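Engineer: when you get a sec, could you give me coordinates for this:
(one chain, ligands or ions: 1)
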Amino acid sequence: MARYELVKRSVALITLTNPPVNALSSAVRHAIAKSMEHALNDPKVTAVVIYGENGRFCGGADIREFAGPLRGPPLVPLLDAIEAGEKPVVAAIEGVALGGGFELALVCHYRIAHFKARLGLPEVTLGILPAAGGTQRLPRLIGIPAALELITTGRHISAQEALKLGIVDQVTEQNACEVAVEFALRAVAKPLSSRRVSTLTTPCPPDLDALLEAVTMQVKKKARGAMAPLACVQAVRAAATMPYSKGIKRESELMATLFNSGQARALQYCFFAQRTAGKWTLPSGAQWNNSKPREIRRAAVIGLGTMGRGIVVSLARVGISVIAVESEKKLLETGKQMVIGMLERDAKRQGVSASLNLLKFTLSLQDLKDVDIVIEAVFEDMALKKHVFQELSKVCRPATLLCSNTSGLDVDALAGVTDRPHLVVGMHFFSPAHVMKLLEVVCGPRSSSETIATAMSLGKRMGKVSVAVGNCPGFVGNRMLKPYLDQATFLLEEGATPEQIDKALEDFGFAMGVFRMSDLAGLDVGWRVRKESGLTGPDIDPKNPPRRRQGHRYCPIPDMVCEQGRFGQKTGRGWYMYDSPGGTNAKSDPLIQNLLEMYRSRYGIQPRNISDQEIIERCLFALANEGFRILEDGIAARPEDIDVIYLFGYGFPRHRGGPMFYASMVGLERVLERLEHYHQAHPDVPHLEPSPLLKKLVACGSPPVQNWREHIKTMHSHL
Ligand SMILES: CCCCCCCCCCCCC/C=C/C(=O)SCCNC(=O)CCNC(=O)[C@H](O)C(C)(C)COP(=O)(O)OP(=O)(O)OC[C@H]1O[C@@H](n2cnc3c(N)ncnc32)[C@H](O)[C@@H]1OP(=O)(O)O
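Structural biologist: Okay, here's the model as predicted:
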């Protein structure tokens, strides 16, 4: 767990050996304690270097240990002892020094960083704070404003920035360990008192109170209900106003309030869920670690609308040459200018030149003969997409992968019109595709494991969080959206307003309530889907009972809004009104209030007061209930996959863990009871009927979300 050796006859080299990230597990802490004791007591040793094996200094505390009882030597006294020692200790930082790893470096008397190293205190993203002295030492070293920013955001910084801030003493392009050993030898005779960061006086700005107040307000606004960022501000305040001995106690008190909180559990769950999601597996036994992806050098994107443009940019950013295809000259020119503009802005931000030579724009599919992969991003119309796929079959070489950026159409039907169904897969990007991190990789029944592996690995290369899902209308994300949206509009009928529903969801932590989100996405998209599914439009049988379609409750209010040409932000009017088309400042619109009142009076609906609790329960339990059905149907392999999709694609608050984790935190029994209650009150809403999997899990004693997989295993998989 830590190797101890004597180098250059007098330097004790302690190397952390806990792959993959040298996390500070209890065994590692134990080994460091023993090694330090040995080094301090051995008269031959004049200095110490701490280093991490395999080019990674230390990824921090072992997060997996947080779920169980705390064992092994506690970190704070161990770190205090290193700092207090009478022999110089030098941290040799390669790779990462994060969280407890950074705090370990802070107690060393000197820090040498490799020029590619990254440092940071990401604890806030895990719902806790840097409670191994980080909140007390960092402000003493770099001052309050810079420390506040790093601790409340968890941002990783480069070695160069760390040098500028005064966190590291030297940045090197050589082997950091060798440089640190030489550095340690030179440090031997120098006094250590000024190198013990905990003994420094925190440099404070004159307007400390105003600064802390401003940061608190800013953090509150951004945190959307997350507790850890606020606790971080309070801990840094202690560093400014208390001696270290008291500050460290305050840090530990604040940590105690966070450590076992539901938010910390949710955020730590998200950390692992995100990593689990990449590990796809098929019933055939093919999986992420036994299926080799193809190498992708040349790609093509068809369609230069908003989605296509974002996809081109995402590909070009990672050095893949792209041929972008449009059907008309004007559209091609507009798309080209937008893509170039986006890449140039990107390059300017990074201080490099834009890699425009990777791009080619064309009107002809014939140019796609030699590409490795095609991503189709044309209008969401099955007939059009089928035509494109038929043409691609004729033009592209037989080994070219054909992918569709459809947001919900049948990927297998597209595969069926090609000469290579095994090379067809869905790649569902989220808008704007160059910004949003989520990618649903939609596996059709005929997609080969190599095809899936290639799409997943391409997603990762583009910096996306890729999740493999099965093929069904709407896949995972959009399929779950329907019951969520339905509940929101039913609540409108019953007496709520868009503002009230949005506020309840935003107070819950969503970046945007459902109506503001719909205005942003464009209301016409859903309207077209409803028309295509025979739920609305001129062909609807007038004898249809009001507010019912296909035997179930139906709310026509969204159709009525669209009939008035209100498509959301892009038209300047939707559920809200905006200053102009494209505006983003949503204001209440009296016309919508009138529409709701007229609608209710036309159908004799007596509006009632609806509590925020009912809004949350009906919207979110219906959402999770569909998630259970998706698991039952084998469209998602694990609850973690669903949660990751909602966290990265739909603005679900991370400190709530995602819809499935949230349901488990509320308690599956309670979710079941509330769904039964609402289904009884609304028997014509099938989405409120509790799913069999939910009932099964409750009957099995509501196991934690990580164990649901055992209960799903036996079910049919579409993956
Ligand atoms: C009343 C109660 C009182 C309670 C009081 C409690 C007091 C307790 C005091 C304790 C004080 C501790 C203070 C310190 C806290 C911390 O340090 S928290 C951890 C902070 N560190 C991080 O957040 C870093 C997390 N890791 C990463 O960001 C990345 O993994 C990486 C290091 C940048 C590497 O990235 P990459 O190369 O892309 O690899 P990954 O795929 O992400 O990871 C590889 C595998 O390693 C696992 N892993 C990574 N980090 C950790 C970790 N810190 N702990 C455990 N495991 C980790 C990751 O899950 C991957 O695993 P596999 O998927 O199984 O391969």
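
Engineer: the residue of the stretch 501-650 of the chain found nearest the ligand - how many residues pack around it?
Structural biologist: As assessed by C-beta to the nearest ligand atom, the ligand sits closest to residue 640 within the stretch 501-650 of the chain, at 11.4 Å. For the C-beta atoms, the positions are set from N, CA and C on the backbone; glycine is no exception. Using other C-beta atoms under 10 Å, residue 640 has 27 neighbouring residues.

Engineer: which residues touch residue 311?
Structural biologist: Each residue near residue 311 by C-beta atoms under 8 Å, 6 or more residues apart in numbering is listed here: 301, 375, 377, 405, 429, 433-434.

Engineer: hmm, I typed the wrong one, I wanted residue 277.
Structural biologist: 465-467, 640-641, 644.

Engineer: just the ones of the residues you listed in helices?
Structural biologist: Counting by DSSP state H, those place 640-641, 644 in helices.

Engineer: and the lengthiest helix in the chain, how far from the chain's centre?
Structural biologist: If you go by DSSP H, the chain has its longest helix at helix 329-350. The chain centre lies 26 Å from the centre of helix 329-350; the measure is C-alpha atoms, centre = their mean, to the nearest Å.

Engineer: just say helix, strand or coil for residue 445.
Structural biologist: In the three-state summary, residue 445 is assigned as coil, counting by DSSP: H, G, I helix; E, B strand; the rest coil.

Engineer: is it in contact with residue 471, as I believe?
Structural biologist: Yes. Taking contacts as C-beta atoms under 8 Å, residue 445 lies within contact range of residue 471: 7.0 Å.

Engineer: so residue 95 touches residue 51, yeah?
Structural biologist: No. With contact defined as C-beta under 8 Å, residue 95 and residue 51 do not form a contacting pair (10.6 Å).

Engineer: ok, these two, which is more surrounded?
Structural biologist: Neighbour tally, residue 95 and residue 51, criterion other C-beta under 10 Å: the higher count belongs to residue 51, 27 against 21.

Engineer: how about the residues of the stretch 201-350 of the chain that lie near the ligand?
Structural biologist: Counting by C-beta under 6 Å from any ligand atom, the positions of the stretch 201-350 of the chain adjacent to the ligand are 255-256, 259-260, 272, 275.

Engineer: how about the ones in helices among the contacts of residue 277 in a markdown table, adding distance to residue 178 and pLDDT?
Structural biologist: Below are the ones in helices among the contacts of residue 277 laid out as a markdown table (distance: C-beta to C-beta, whole Å; pLDDT from 0 to 100):
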| residue | distance to residue 178 | pLDDT |
| --- | --- | --- |
| 640 | 42 | 97 |
| 641 | 44 | 97 |
| 644 | 41 | 98 |
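
Engineer: just the residues you listed now: which is nearest residue 333?
Structural biologist: Each of those was checked against residue 333 using C-beta to C-beta; the closest is residue 644, at 37.6 Å.

Engineer: neighbours of that closest one, how many?
Structural biologist: By the measure other C-beta under 10 Å, the count of residues near residue 644 is 27.

Engineer: now it, nearest residue through space, not along the chain?
Structural biologist: Among residues not flanking residue 644 along the chain, residue 277 sits closest, at 4.3 Å (C-beta to C-beta, 6 or more residues apart in numbering).

Engineer: tell me how far stretch 446-460 lies from the chain's centre.
Structural biologist: Offset of stretch 446-460 from its chain centre (C-alpha atoms, centre = their mean): 21 Å.

Engineer: who's in contact with that stretch?
Structural biologist: Residues outside stretch 446-460 that contact it (C-beta under 8 Å, 6+ apart) are 278, 280, 282, 284, 286-288, 291-294, 296, 373, 401, 403, 411-412, 415, 421-425, 427, 439, 441, 443, 465-466, 468.

Engineer: picking up where we left off before, what's the residue of the stretch 501-650 of the chain closest to the ligand in contact with, if anything?
Structural biologist: Residue 640 touches 269, 272-273, 276-277, 658, 660, 705-706, counting by C-beta under 8 Å, 6+ apart.

Engineer: as JSON lines, those with pLDDT would be great.
Structural biologist: Converted to JSON lines, the contacts of residue 640 look like this (pLDDT from 0 to 100):
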{"residue": "269", "pLDDT": "98"}
{"residue": "272", "pLDDT": "97"}
{"residue": "273", "pLDDT": "97"}
{"residue": "276", "pLDDT": "94"}
{"residue": "277", "pLDDT": "93"}
{"residue": "658", "pLDDT": "98"}
{"residue": "660", "pLDDT": "98"}
{"residue": "705", "pLDDT": "95"}
{"residue": "706", "pLDDT": "91"}
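
Engineer: now do the residue nearest to the spatial centre of the chain against residue 438, distance only.
Structural biologist: Centroid-nearest residue in the chain: residue 648, 4.3 Å away (criterion: C-alpha atoms, centre = their mean). According to C-beta to C-beta, to the nearest Å, residue 648 and residue 438 sit 4 Å apart.

Engineer: between these two, what contacts are shared?
Structural biologist: When contacts are counted by C-beta under 8 Å, 6+ apart, residue 648 and residue 438 have 430, 465 as shared neighbours.

Engineer: near the ligand, which residues of the stretch 1-150 of the chain?
Structural biologist: Going by C-beta under 6 Å from any ligand atom, the residues of the stretch 1-150 of the chain near the ligand are 20-21, 23, 59-64, 75, 96, 98-100, 122-123, 126, 130-132.

Engineer: CA atoms only: put the longest helix of the chain into PDB for me.
Structural biologist: C-alpha atoms of helix 329-350 as PDB (Å, rounded to 0.1, in the frame of the first residue of the first chain):
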ATOM      1  CA  LYS A 329     -26.600  25.000 -50.800                       C
ATOM      2  CA  LYS A 330     -28.000  27.700 -48.600                       C
ATOM      3  CA  LEU A 331     -28.400  25.300 -45.600                       C
ATOM      4  CA  LEU A 332     -24.900  24.100 -46.200                       C
ATOM      5  CA  GLU A 333     -23.400  27.600 -46.200                       C
ATOM      6  CA  THR A 334     -25.300  28.600 -43.100                       C
ATOM      7  CA  GLY A 335     -24.300  25.400 -41.300                       C
ATOM      8  CA  LYS A 336     -20.700  25.800 -42.400                       C
ATOM      9  CA  GLN A 337     -20.400  29.300 -41.100                       C
ATOM     10  CA  MET A 338     -21.900  28.300 -37.700                       C
ATOM     11  CA  VAL A 339     -19.600  25.300 -37.300                       C
ATOM     12  CA  ILE A 340     -16.500  27.400 -38.200                       C
ATOM     13  CA  GLY A 341     -17.600  30.100 -35.800                       C
ATOM     14  CA  MET A 342     -18.100  27.600 -33.000                       C
ATOM     15  CA  LEU A 343     -14.700  26.000 -33.500                       C
ATOM     16  CA  GLU A 344     -13.000  29.400 -33.800                       C
ATOM     17  CA  ARG A 345     -14.500  30.600 -30.500                       C
ATOM     18  CA  ASP A 346     -13.400  27.300 -29.000                       C
ATOM     19  CA  ALA A 347      -9.800  27.700 -30.200                       C
ATOM     20  CA  LYS A 348      -9.700  31.300 -29.100                       C
ATOM     21  CA  ARG A 349     -10.700  30.300 -25.600                       C
ATOM     22  CA  GLN A 350      -7.900  27.800 -25.500                       C
END
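
Engineer: please shift the residue numbers so they start at 40 in all later answers.
Structural biologist: From this message on, residue numbering opens at 40, which makes the last subject helix 368-389.

Engineer: hmm, who's touching it?
Structural biologist: Contacts of helix 368-389 (C-beta under 8 Å, 6+ apart): 343-344, 347-348, 351-352, 355-356, 363, 365, 392-395, 398, 400-402, 473.

Engineer: stretch 295-305 now?
Structural biologist: Here stretch 295-305 has contacts from 105-106, 165-168, 265-267, 270, 693-696, 700-701, 704, using C-beta under 8 Å, 6+ apart.

Engineer: before we move on, the earlier item: which ChimeraX command selects the buried ones in the contacts of stretch 485-499?
Structural biologist: In ChimeraX syntax, the buried subset of the contacts of stretch 485-499 is picked out as below (16 or more other C-beta atoms under 10 Å):
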select :317,319,321,325,327,330,332,333,335,412,440,442,450,451,454,460,462,463,464,466,478,480,482,504,505,507
